[in-house]
Every structure is written in structure tokens, then in C-alpha cells.
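Peer 1: everything below, folded, please.
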Amino acid sequence: MHLLSASCVCALLFTALLCQVSGLETVIGLYGETLEIPCNNGAVKAEDVMITKWKYDKGEGLSGDLLVKKMSLNVSISANDEYKGRVSMAANSSLLLSAAKLTDQRTFTCMVVGGADITEYPVNVVIYKTPTGLEISDKAEELEIGKLTKLGTCVAQDANPAANITWFKNNKPLVADGKGISIQASVQVDPVTGLSTTSSKLEYSAEKEDTDAQFTCSTQHTVGAELVSSPVTFSITYSTENVVLQVIAQDPLVEGDNVTLKCVADGNPAPTSFNFHLKGEMVKVENTNTYTISDVSRDNSGEYKCSLIDDPSMEASKDITVNYLDINLIPTGNIVKSAGEALNLTFHISASGESKVSWTKDNVKLDKEPQFSKLTYSDSGLYECEVTMGPLRRKASFELVVEGAPVIKQLSKQRGEDGQHKVLICVAEGSPKPAVSWSINGTLLDESPFINGKITHKIAVVPTANLTVSCTVSNEFGMDTKDINVSSLFGEVRMDKQDQSDDNDQTKLVVGVVVGLLVASMVIGVAYWVYMKKSKQGSWKTGEKENGSSEEEKKLEEKVEENSQKAEV
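Peer 2: Down below sits the predicted model:
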């Protein structure tokens with residue numbers, strides 16, 4: 001970036017006027033408005049003033065009269081030149097000058113007569129005017145990188161003093177450096193109004209970063225707010241330095257998709273024609289920077305390039321990978337096999353990346369790929385494999401039917417919950433679904449669904465005698481029969497009652513034994529009490545030692561306790 005500022009231009013006329021009146025009181029007026037010029041600023045009291053007179057400096061040592069005011073008399077206006085009709089006097093003796101002009105920049109004198117004294121109060125007048133506008137004209141159509149080009153001219157019209165102009169780029173001031181930035185200012189004075197118009201010309205050497213940059217100019221006048229021009233932008237021209245090849249397609253790119261190649265060059269103006277190199281084939285396109293390949297396949301994978309037609313050395317390249325996924329399952333469709341046979345599966349995956357495989361049987365997920373070394377009826381079902389790789393999905397399936405003669409896997413019996421009938425259960429495997437028959441009449445309780453070649457058949461019977469019952473299953477491939485012994489339901493009832501009678505007799509015997517033992521314990525207790533009483537009485541009569549009696553008592557107590565424990569058992 002180059003930084004420069006416009007040089008300050010001082011109005012020579014304005015500077016000369018200030019120098020001439022230095023030391024005098026100065027009053028600033030605005031161009032076109034009424035100016036009030038004070039008289040003596042209260043140095044002389046109004047009641048002491050006899051005569052007040054205003055005059056102005058005409059130059060070359062001459063003065064011109066404007067008006068006079070005598071005590072108790074009206075103001076007498078004597079101006080008959082450029083001030084005729086423009087002057088009047090305020091109540092405080094100030095001179096009122098309407099429609100201020102630049103020619104009013106001179107010295108006005110208030111002469112006061114008070115008693116015997118005559119005093120003069122000269123006042124210097126300066127007229128300011130802000131520019132009527134600020135705009136950038138003579139704008140360049142475009143800027144070229146590295147070439148000093150006239151960007152435009154900023155004009156501030158009809159000002160006093162002449163305006164100083166500063167250039168900005170993106171709100172940062174530009175300063176002339178004699179290389180990439182050159183600023184030249186000039187001032188023209190209107191011969192009639194005396195107002196100054198400042199023009200500032202900016203020459204600028206652009207850089208690539210100046211694309212869309214905003215250029216403005218501004219001026220800050222002595223009075224009034226800062227003026228800023230409307231921003232302008234320029235097209236920056238430069239030759240192509242970089243080329244990029246873009247691939248516009250879904251991610252990831254898979255077979256059947258469309259892919260668009262876009263060649264992007266950074267030159268301005270941008271190139272409009274390109275060469276596309278498509279795996280050994282070159283295609284030229286004009287008035288566009290794209291080329292589309294439809295319905296791509298894995299054969300379209302590889303390196304692609306694009307280049308400028310007028311400069312083939314400016315090129316860019318990109319590798320394109322077309323993702324694909326193929327699966328091959330053998331066999332597929334409907335497969336019919338006999339139980340006990342083997343089924344060999346061949347499954348192959350061809351993919352451009354890592355894939356995931358899942359298997360299901362009848363929509364239930366399997367832990368691994370099925371293997372059939374010896375088919376069973378439960379192997380029947382719909383098998384489906386799904387392979388995924390990103391968004392790609394492939395499926396293959398086969399439906400396996402295992403056929404064969406039925407086989408009874410289980411024949412059992414159980415007593416009904418109400419005890420009034422028996423339930424016979426026949427479980428068989430085979431395919432197609434086997435028919436089930438019994439050698440005895442019964443009531444069908446349940447027939448399970450035929451799933452994985454298995455069926456369960458239940459009947460209820462009320463056998464009146466011991467008998468042998470057969471279950472027979474059959475289909476188009478053969479049949480199987482099994483027998484089961486079923487006892488009479490009434491015989492089982494009698495056996496149950498006999499078992500209950502035997503249980504009652506045993507209970508009575510146990511109770512009798514316990515009662516007998518309790519009676520025996522009581523008899524022994526009474527005998528012991530009588531014996532002890534007699535023993536103690538004899539001791540007092542014979543004078544036997546108490547020790548002997550004590551030993552006998554202990555033995556007797558032990559005997560009683562032992563009998564008591566036996567009775568409790």
C-alpha cells in the first residue's frame with residue numbers, strides 16, 4: 001500500500017489580507033449572510049456618544065462613508081456605491097452588512113464623538129465559504145497492476161479560503177511517494193465572485209489487493225463540517241498467475257453420477273476459453289470454464305487437467321476417484337435341497353474401498369455368513385446379504401427350502417391340569433409339512449405353526465384301560481411312526497386312594513407310639529417320687545449316711561432322665 005496526502009494550498013490573497021490587518025480586531029462572516037461588525041465594544045457609554053459614523057477602507061489611502069448617527073436623530077445613510085442598500089446600524093451602534101461578499105474583506109472603522117474626544121475603532125472583516133460540493137470526476141475505467149494510472153480528480157468548488165483535499169483508500173489516507181502514488185493539486189479563482197475551486201488529481205499504481213477497494217476524497221474547511229465524496233471502485237486488470245481445477249460432484253463420487261470440471265484462473269479480465277485434458281484426450285471449450293462428464297464409471301477414475309489456450313504452461317490438475325461396489329452371490333433365487341445334503345455358497349465383493357457385510361435370515365440378523373455342511377429342516381428360510389460402502393448399498397438373496405421325509409423327534413404324555421384327561425404330544429420334523437394322525441380318538445388341543453420344518457401336535461384323551469397309542473407323520477417323501485404306553489385314568493385314581501389310606505395307617509401308628517411313651521414317662525416319674533420319699537424316711541430311722549442315699553438318688557435320676565428322652569423320641 002502507498003500512503004500520501006495532498007499538499008496544503010493557501011490562498012495568497014487571503015494571506016495578504018491577514019498580514020495587512022494584523023493587530024486589528026477581526027470579525028469572520030459567512031459568504032452570502034448578514035455580518036454584524038461591532039463598534040467600540042462598550043468602551044464608550046451610549047449616553048456619552050454624540051455622533052457615531054461608519055466608514056470603510058477603499059484602498060490606496062482612500063475611505064468611503066457608509067452612514068452616520070447623531071444623538072436623538074435617525075441614521076443617515078451616505079453609501080452610494082457597492083454598499084448602497086446593504087448597510088444599516090443596530091441599536092448598539094454595530095454595522096449590519098447584508099449579503100456578505102469576498103470584496104467585503106477589508107477594514108471597517110467606527111468613529112465615535114463623545115464630548116471633545118473623537119475615537120476610531122477599526123475592525124478587519126474576513127469572509128469564509130465552505131465548498132458547494134465535493135466529487136470525484138474524470139474517473140479511470142480500470143486500473144492496471146504495476147502501472148501508474150490517473151485514478152480521478154477530486155474537485156471542491158467555490159470555497160474561501162481554498163479547500164485542502166486529502167485522498168483515502170478504504171478510509172486510510174494516501175500520501176504521495178513519487179512512485180506508486182502521485183497527487184497534484186491546483187486552485188482556480190473565479191474572477192467575478194473571488195471564490196476558489198481546488199482540484200486534486202490522483203495517479204495510482206494498483207495492486208491485486210485493490211480489487212473492490214473504495215477510494216474517496218475529503219476536505220475539512222475552517223468553518224462547517226467535513227465533506228467526504230461518494231466512494232468509487234475500479235476494476236483491476238492483471239494477467240493470470242494461477243489456475244485451479246475444481247471438481248463439482250456429489251461426495252463421494254459414485255458410478256452413474258455426473259461430474260463437472262471447472263477451471264478457475266485469477267486473471268482480470270478472466271480467461272474465457274480453456275483446454276481440458278481428459279485422460280489423454282484434449283477438449284477445447286470457449287466462452288465457459290466448465291466441462292461436464294455424464295454417467296461416470298470406474299473407468300473414469302484418474303488424473304484430469306485444464307490449461308489456458310493462449311498459455312498452455314498455465315495448467316492445473318486433479319485426481320478423480322469414482323467409487324464402485326459389486327457383489328456376486330452363488331447361488332441365488334429359490335433353492336430346494338434334501339435334508340442331510342450340503343450347500344456351498346460363493347460370495348465375492350469388488351469395491352473401491354473398505355465395505356461392511358451383514359446377513360439376515362427371515363429378517364433376523366445373523367452373526368456371520370451362513371454355512372451348510374449338512375442341511376437340516378431348520379435351515380429353511382430367506383437369506384439376504386447387504387454390503388455397504390459409504391452411500392453405496394448392494395443386496396443379494398436366496399430362499400432355501402430343505403425337503404425330506406418326516407421324523408418324529410419326541411412323543412410324550414402328561415396329565416391334564418384338571419386330572420380328568422391325559423395330553424399326548426407328538427413333535428415331528430419334515431418338509432413339506434407332514435400330516436399327523438393318532439391310533440386313538442382324541443380332542444385336538446393345539447397344532448403349532450409349521451416353522452423351520454417343525455410341527456407340534458397335541459390331543460386330549462380319556463383312557464379307560466391301559467393301552468398303546470401310536471403317532472404317525474407323513475408327507476410325499478415318506479412317513480414315521482412311534483408308540484407310547486398310556487395307562488387307564490381310572491386305575492391311577494384307585495392307586496391314589498390306596499396310597500392315601502396307607503399314609504393314614506402309618507400316621508396312626510406313629511401317634512400311638514408317642515402317646516405310649518408319654519404315659520410310661522409319667523409312671524416312672526410317680527414311682528421315683530414315692531421311692532425318694534421312702535428312702536428319706538428310712539435314713540432318719542436307721543441313721544444311714546446321707547452319702548449313700550445321695551449316690552442312689554443320682555443313679556435313679558439319671559435312669560428317669562434317660563427314659564424320659566426315649567419317650568420324647
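
Peer 1: from one end of stretch 308-322 to the other, what's the distance?
Peer 2: From its first residue to its last, stretch 308-322 covers 26 Å (Cα to Cα, to the nearest Å).

Peer 1: now that stretch: mean pLDDT?
Peer 2: Across stretch 308-322, the average pLDDT comes to 91.

Peer 1: contacting residues around it?
Peer 2: 240, 243-247, 252-255, 257, 259, 261, 263, 265, 271, 273-275, 277, 284, 296-307, 352 (Cβ atoms under 8 Å, 6 or more residues apart in numbering). C-beta: built from backbone N, CA, C; applies to glycine.

Peer 1: now intersect the residues you listed with the helices, please.
Peer 2: For the contacts of stretch 308-322, not one is inside helices, with DSSP state H as the criterion.

Peer 1: let's see which of the residues you listed end up in strands.
Peer 2: Here DSSP state E is the test, and the contacts of stretch 308-322 give 243-247, 259, 261, 263, 265, 273-275, 277, 284, 302-307 as lying in strands.

Peer 1: using PyMOL, make a named selection holding only the buried ones among those.
Peer 2: Listed next is the PyMOL selection for buried residues among the ones in strands among the contacts of stretch 308-322, using 16 or more other Cβ atoms under 10 Å:
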select buried, resi 243+245+259+261+263+265+274+275+277+304+305+306+307
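
Peer 1: mind listing the residues bridging to Gln410?
Peer 2: Val427 (DSSP bridges).

Peer 1: I'd like the distance between the most centrally placed residue in the chain and Asp257.
Peer 2: Centre of the chain computed as the mean C-alpha position; nearest residue by Cα atoms, centre = their mean is Asp251, 18.9 Å away. Note on Asp251: its distance to Asp257, by Cβ to Cβ, to the nearest Å, is 10 Å.

Peer 1: how about Ser378?
Peer 2: Noted for Ser378: a distance of 44 Å to Asp257, by Cβ to Cβ.

Peer 1: who has more neighbours out of these two?
Peer 2: Between Ser378 and Asp257, Asp257 has the larger neighbour count (other Cβ atoms under 10 Å), namely 17 against 12.

Peer 1: so who does the more buried one touch?
Peer 2: Per Cβ under 8 Å, 6+ apart, neighbours of Asp257: Ala249, Gln250, Asp295, Val296, Val322.

Peer 1: and what of Thr132?
Peer 2: Thr132 neighbours (Cβ under 8 Å, 6+ apart): Gln157, Asp158, Ala159.

Peer 1: and the strands in the stretch 301-450 of the chain?
Peer 2: Under the criterion DSSP state E, counting those that start in this stretch, the stretch 301-450 of the chain contains strands at 302-308, 315-320, 325-330, 333-338, 346-351, 356-361, 364-366, 381-389, 392-415, 422-431, 435-438, 443-447.

Peer 1: pick the most buried one from those.
Peer 2: By mean neighbour count, with neighbours taken as mean count of other Cβ atoms under 10 Å, strand 422-431 ranks first of these at a mean of 22.

Peer 1: packing partners for that strand?
Peer 2: Other elements packing on strand 422-431 under the criterion 3 or more Cβ pairs under 8 Å, 6 or more residues apart in numbering; DSSP states H and E are strand 392-415, strand 435-438, strand 454-461, strand 467-475, strand 478-486.

Peer 1: make TSV out of those and add mean pLDDT and distance to Ala339.
Peer 2: Shown next, in TSV, are the helices and strands packed on strand 422-431 (pLDDT from 0 to 100; distance: least, Cβ to Cβ, whole Å):
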stretch	mean pLDDT	distance to Ala339
strand 392-415	92	4
strand 435-438	93	18
strand 454-461	92	12
strand 467-475	93	12
strand 478-486	93	11
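
Peer 1: could these go into a markdown table alongside distance to Ser182?
Peer 2: Shown next, in a markdown table, are the helices and strands packed on strand 422-431 (distance: least, Cβ to Cβ, whole Å):
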| stretch | distance to Ser182 |
| --- | --- |
| strand 392-415 | 64 |
| strand 435-438 | 111 |
| strand 454-461 | 101 |
| strand 467-475 | 107 |
| strand 478-486 | 111 |
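
Peer 1: circling back: in JSON lines: the contacts of Thr132, plus secondary structure, distance to Asn485 and pLDDT.
Peer 2: Listed next are the contacts of Thr132 as JSON lines, based on DSSP: H, G, I helix; E, B strand; the rest coil; distance: Cβ to Cβ, whole Å; pLDDT from 0 to 100:
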{"residue": "Gln157", "secondary structure": "strand", "distance to Asn485": "130", "pLDDT": "93"}
{"residue": "Asp158", "secondary structure": "strand", "distance to Asn485": "133", "pLDDT": "93"}
{"residue": "Ala159", "secondary structure": "strand", "distance to Asn485": "132", "pLDDT": "93"}
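
Peer 1: quick one: which of those is most hemmed in?
Peer 2: Using other Cβ under 10 Å as the neighbour test, the contacts of Thr132 are led by Ala159, with 26 neighbours.

Peer 1: who does it bridge with?
Peer 2: Ser196.

Peer 1: for Ile118, report the pLDDT, please.
Peer 2: For Ile118, the model assigns a pLDDT of 87.

Peer 1: give me the helices and strands touching the host helix or strand of it, please.
Peer 2: Counting by DSSP states H and E, the element that carries Ile118 is strand 117-128. Applying 3+ Cβ pairs under 8 Å, 6+ apart, we find strand 117-128 packed against helix 12-20, strand 25-30, strand 35-37, strand 107-114.

Peer 1: if we use 7 Å, what do you get?
Peer 2: Contacts defined by 3 or more Cβ pairs under 7 Å, 6 or more residues apart in numbering; DSSP states H and E place strand 117-128 against strand 25-30, strand 35-37, strand 107-114.

Peer 1: in the stretch 401-550 of the chain, where is pLDDT below threshold?
Peer 2: For the stretch 401-550 of the chain, the stretches with pLDDT under 70 are 490-550.

Peer 1: just to check, Gln214 is in contact with Pro231?
Peer 2: Yes - if you go by Cβ atoms under 7 Å, Gln214 and Pro231 touch, sitting 3.9 Å apart.

Peer 1: distance between stretch 29-47 and the chain's centre?
Peer 2: Distance of stretch 29-47 from its chain centroid, counting by Cα atoms, centre = their mean, to the nearest Å, is 72 Å.

Peer 1: one more: stretch 304-319?
Peer 2: Taking the mean of its C-alpha atoms, stretch 304-319 sits 37 Å from the chain's own mean (Cα atoms, centre = their mean).

Peer 1: where are the low-confidence patches of the stretch 1-150 of the chain?
Peer 2: For the stretch 1-150 of the chain (pLDDT under 70), the answer is 1-23, 42.

Peer 1: change it to 90
Peer 2: Counting by pLDDT under 90, the stretch 1-150 of the chain has low-confidence residues at 1-24, 40-50, 59-61, 70-74, 80-82, 91-93, 113-119, 132-133, 141-142, 144-146.

Peer 1: now Lys433. Nearest residue, chain neighbours left out?
Peer 2: Phe450 (4.5 Å; Cβ to Cβ, 6 or more residues apart in numbering).

Peer 1: measure Ser439 to Pro406 for me?
Peer 2: 17 Å.

Peer 1: next one: Thr222
Peer 2: To Pro406, Thr222 is 118 Å away according to Cβ to Cβ.

Peer 1: then Trp54?
Peer 2: In terms of Cβ to Cβ, Trp54 sits 141 Å off from Pro406.

Peer 1: report the angle between the strand holding Ile118 and strand 107-114.
Peer 2: If you take axes from the mean of the first three to the mean of the last three Cα atoms, to 10 degrees, strand 117-128 sits at 160 degrees to strand 107-114.

Peer 1: what comes up buried for strand 117-128?
Peer 2: The neighbour-count check on strand 117-128 (16+ other Cβ under 10 Å) flags Tyr121, Pro122, Val123, Asn124, Val125, Val126, Ile127, Tyr128 as buried.

Peer 1: and the residue nearest to Lys433, its phi and psi?
Peer 2: phi -80, psi 100 (degrees, to the nearest 10).

Peer 1: tally of neighbours for it?
Peer 2: Phe450, neighbours per other Cβ under 10 Å, totals 15.
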